[in-house]
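Engineer: this one's sequence-less:
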């Protein structure tokens, strides 16, 4: 564990039975500064294993990358709005010119004005945290467990609920 910079911080026995004492229930952290945590045994007398309580101090939140991009919302309503604005637009002024380049520029300006008013840009924020310990296998298991939980929660079949509770 030390090769991964993880150190056991439990320095007292967690299982006391007759004449034997052991510290098989461990907590590993990646720092061993004595001022960054406090660890206390909690004797519950419900089991032959004692509980540990850890209080962590000076925990820094993981740096998350926040980024954004712009997106256009295109749906049935915005398309209808776009078509309506195109059909009711005043196109006569555009073709009143004699110069082809001026006609094209006027047409493009009016078309883009209508397009951007019907399909405005929306700023979409994303937050990405690098969780290296969250492997693809764990992510897939979490997704599958969530699906099974939702099936069980929305079902009235007692056999299905019993089966899924055994699996989960």
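Structural biologist: Here it is on my side, so go on. Just so you know, these numbers come straight off a predicted model, no measurement behind them.

Engineer: okay, now residue 118: neighbour count?
Structural biologist: Residue 118 has 20 neighbours, counted by other C-beta atoms under 10 Å. From N, CA and C alone the C-beta is placed, and that goes for glycine too.

Engineer: what's it sitting at in phi/psi?
Structural biologist: Dihedral angles phi and psi of residue 118 (degrees, to the nearest 10) take the values phi -80, psi -30.

Engineer: need the pLDDT of it.
Structural biologist: Looking at residue 118, its pLDDT stands at 92.

Engineer: quick one: which helix or strand includes residue 104?
Structural biologist: Per DSSP states H and E: residue 104 is located in helix 100-118.

Engineer: likewise for residue 82?
Structural biologist: helix 76-88.

Engineer: now do that helix, average pLDDT.
Structural biologist: On average, helix 76-88 scores 92.

Engineer: list the buried ones in that helix?
Structural biologist: 82, 85 (16 or more other C-beta atoms under 10 Å).

Engineer: who does it touch, helix- and strand-wise?
Structural biologist: Helix 76-88 sits against helix 100-118, with contacts defined as 3 or more C-beta pairs under 8 Å, 6 or more residues apart in numbering; DSSP states H and E.

Engineer: can you name the next helix or strand after the helix it packs on?
Structural biologist: With DSSP H and E, the next secondary element past helix 100-118 is strand 121-129.

Engineer: now do that following strand: everything it contacts.
Structural biologist: Here strand 121-129 makes contact (C-beta atoms under 8 Å, 6 or more residues apart in numbering) with 62, 63, 64, 65, 66, 67, 68, 69, 70, 71, 72, 73.
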